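Participant: generate coordinates for the sequence data below:
(chains A, B, C and D)
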Protein chains: 2
Amino acid sequence: MGDGLPDALASRLGYLLKHAQRRLVEAAAPVMAPFGIDGRELAVLTLLAAGSPLSQQEAADELDVDRTTMVALVDTLEAKGLVERHRSPQDRRKNIIELTPAGQNCLRDAGKARDEVDRDYLAPLGDALSRHFIRALQILATPPPE
Amino acid sequence: MGDGLPDALASRLGYLLKHAQRRLVEAAAPVMAPFGIDGRELAVLTLLAAGSPLSQQEAADELDVDRTTMVALVDTLEAKGLVERHRSPQDRRKNIIELTPAGQNCLRDAGKARDEVDRDYLAPLGDALSRHFIRALQILATPPPE
DNA sequence: TATTGTTATACTCTATAACTATA
DNA sequence: TATAGTTATAGAGTATAACAATA
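Facilitator: Numbering: from 1, shown residues only, chains lettered A, B, ... in the order given. As a prediction, the model looks like this:
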């Protein structure tokens, strides 16, 4: 036993979300490992590559993590040579984080691998349900206005 | 800033799942607090009430947590008077866990509150998308056959 | 005074290894 | 030998408080 979902919990949102997330993390970990980064680190690289340069605080806000968490995250990315810190000339309290060329390569390769993980993960849903699922998550992941 | 989803991450499954789950946990916590239990504890109560009596190991398998985690979980539920451990007469290595009357009351009341949290959480999706979402989660939360 | 980055610290959740009692 | 429960321990991940530099 242990396979399948216990009937009593099959419609409890907390149980379903927790286990769906765990399954994705477990599927992603071995695929990401060869690139030397994990999902959170890839998210930082993705964010930095996307738009204008960000300070640590700004990146932390976007990812909805604590700024102390971002310090540790940038520490490890910098130790791997994937990002660099630069004091902002406009506001010398801020560290602007920038991708290195190695960081750009890593983002490209690991990003491609991660896209495949996502595709494989969603495959059992079929196309239509996958799109519904993503749309629902985008709504639910958005913090309430207040 | 900080509201809305960063465009670069709005379609990354890991980011969406993590934040969707966090939003549910944050919504549930204050509602569950008055009942003195959290979501995982409620899941145990739900499981125990659902079918035949379970040993700690069996409950751990169903919830997909480690048996050492289940020890701690049952410890706190027992300290709150919501469950009782009984040595199984058939196999004296096993602890059968059973709901106390207080546990049954707690399950009923906290379960009702939790159902409302789930409903409120899903409300922004509308009925059809909610059903799609649940169905997708049920597929994705199920461990792969092998 | 307030903000950014940092450090030290602590708390939660979880997993691993070793022990015990039973089978 | 193997299994169920337990304990001790350690590792993530995250958050809080306090400090230095800067605004």
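Participant: need the pLDDT of the residue most central in space within chain A.
Facilitator: Ranked by distance to the mean C-alpha position of chain A (C-alpha atoms, centre = their mean), the top residue is residue A:43 at 3.7 Å. If you check residue A:43, the pLDDT there is 95.
Participant: helices and strands around the host helix or strand of it, which ones?
Facilitator: Applying DSSP states H and E as the criterion places residue A:43 in helix A:39-50. On a contact count with 3 or more C-beta pairs under 8 Å, 6 or more residues apart in numbering or on different chains; DSSP states H and E, helix A:39-50 meets helix A:13-32, helix A:56-63, helix A:67-79, strand A:83-87, strand A:95-99, helix A:101-122, helix B:13-32. Any C-beta I mention is one placed from the backbone N, CA and C, and that applies to glycine too.
Participant: try it again with 10 Å
Facilitator: helix A:13-32, strand A:54-55, helix A:56-63, helix A:67-79, strand A:83-87, strand A:95-99, helix A:101-122, helix B:13-32 (3 or more C-beta pairs under 10 Å, 6 or more residues apart in numbering or on different chains; DSSP states H and E).
Participant: just how off-centre is the fifth one within its chain?
Facilitator: So that's strand A:83-87. For strand A:83-87, the distance from its own C-alpha centre to the chain's C-alpha centre is 21 Å (C-alpha atoms, centre = their mean, to the nearest Å).
Participant: what's the answer for the shortest one, then?
Facilitator: Relative to the mean C-alpha coordinate of its chain, strand A:54-55 is positioned 17 Å out (C-alpha atoms, centre = their mean).
Participant: who does that strand pair up with?
Facilitator: strand A:95-99 (antiparallel) (DSSP bridges).
Participant: residues touching the strand it pairs with, excluding its own?
Facilitator: Residues from elsewhere that reach strand A:95-99 (C-beta atoms under 10 Å, 6 or more residues apart in numbering or on different chains): A:44-45, A:47-49, A:52-59, A:70-71, A:73-74, A:77-78, A:82-90, A:103, A:105-107.
Participant: and it, what's buried?
Facilitator: The neighbour-count criterion (16 or more other C-beta atoms under 10 Å in any protein chain shown) identifies A:95-97, A:99 as the buried residues of strand A:95-99.
Participant: redo those as JSON lines? Include pLDDT.
Facilitator: Compiled in JSON lines, these are given as follows (pLDDT from 0 to 100):
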{"residue": "A:95", "pLDDT": "97"}
{"residue": "A:96", "pLDDT": "97"}
{"residue": "A:97", "pLDDT": "97"}
{"residue": "A:99", "pLDDT": "97"}
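Participant: which one of those residues is nearest chain B?
Facilitator: Closest approach between these and chain B, by C-beta to the nearest C-beta: residue A:99, at 12.5 Å.
Participant: how close does the residue nearest to the closest one when sequence neighbours are not counted get to residue B:70?
Facilitator: Closest residue to residue A:99 apart from its sequence neighbours, by C-beta to C-beta, 6 or more residues apart in numbering or on different chains: residue A:48 at 5.2 Å. Separation of residue A:48 from residue B:70 (C-beta to C-beta, to the nearest Å): 41 Å.
Participant: and if you look at residue A:58?
Facilitator: With C-beta to C-beta as the criterion, residue A:58 and residue B:70 are 42 Å apart.
Participant: more crowded one of those two?
Facilitator: Legend: neighbour count by other C-beta atoms under 10 Å in any protein chain shown for residue A:58 and residue B:70, higher for residue B:70 (22 against 19).
Participant: tell me the pLDDT of that one.
Facilitator: 97.
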